[in-house]
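Participant: sharing a sequence plus its predicted fold:
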Amino acid sequence: MKHKFKQLASVLQRQILTRLILGGFFILLFVILVFITKDVVLSLPCIILGIYLAINAGTVLYNCLAGKVITVTGKCVEIEHSRIFKRVRSVYIQTEDKELKIPIRKKMRGLTIGVTINIYIPKKAQIYEKDGKFATGTFYAVEMK
């Protein structure tokens, strides 16, 4: 399994490890809070979040290893910015014959029009069509090449 994990794209590996580490951190924080405060109700959100992140990381890992992830590759044709802070809100990617809109959740350095982008989407993701363009909000990772 370790060999299969190493064959995954680096951005997918990073996503899985980040979710696992954060899940472990919140479970550890739950244990510490229970010992310090001796109040389970106070530390309940930590264990809930830790279990959720661990299960989420397991789901992403399973989907990646089982081949239930689609890689969409295309060129960036348009970048949508927010009005006030000029943060990147979404990116339009031109694939072979369709255009796909992806919302961006984190800062992406070096993002310009014409850059090749890989998007890793689960097969069960919902993709919507609007004005002849496709859009999805469900994806695992975005990688610039």
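Facilitator: Looks like it came in fine.

Participant: please make it C-alpha for all contacts and neighbour counts, starting now.
Facilitator: Noted.

Participant: longest single strand anywhere in the chain?
Facilitator: strand 69-81 (DSSP state E).

Participant: so the helix or strand following that strand versus strand 69-81, what angle?
Facilitator: The helix or strand immediately downstream of strand 69-81 is strand 88-94, counting by DSSP states H and E. Here strand 88-94 runs at an angle of 120 degrees relative to strand 69-81 (axes from the mean of the first three to the mean of the last three Cα atoms, to 10 degrees).

Participant: elements contacting strand 88-94?
Facilitator: Judged by 3 or more Cα pairs under 8 Å, 6 or more residues apart in numbering; DSSP states H and E, the packing partners of strand 88-94 are strand 69-81, strand 99-103.

Participant: please repeat the previous calculation with a cut-off of 10 Å.
Facilitator: strand 69-81, strand 99-103, strand 116-122, strand 133-135 (3 or more Cα pairs under 10 Å, 6 or more residues apart in numbering; DSSP states H and E).

Participant: how close does the closest residue to residue 71 other than its chain neighbours get to residue 89?
Facilitator: Counting by Cα to Cα, 6 or more residues apart in numbering, residue 71 lies nearest to residue 120, which is 4.7 Å off, once chain neighbours are set aside. From residue 120 over to residue 89 the distance is 18 Å, taken as Cα to Cα, to the nearest Å.

Participant: of these two, give the one with the bigger neighbour count.
Facilitator: Between residue 120 and residue 89, counting by other Cα atoms under 10 Å, residue 120 is the more crowded of the two (20 against 16).

Participant: okay, and the beta partners of the residue nearest to residue 71?
Facilitator: residue 71, residue 141 (DSSP bridges).

Participant: who's in contact with it?
Facilitator: 9, 11-12, 64, 69-73, 138-143 (Cα atoms under 10 Å, 6 or more residues apart in numbering).

Participant: run the last query once more with 7 Å
Facilitator: Counting by Cα atoms under 7 Å, 6 or more residues apart in numbering, residue 120 touches 69, 70, 71, 72, 139, 140, 141, 142.

Participant: assess the claim that the second one and residue 119 are in contact.
Facilitator: Spelled out, it's residue 70. No - between residue 70 and residue 119 there is no contact under Cα atoms under 7 Å: 8.0 Å.
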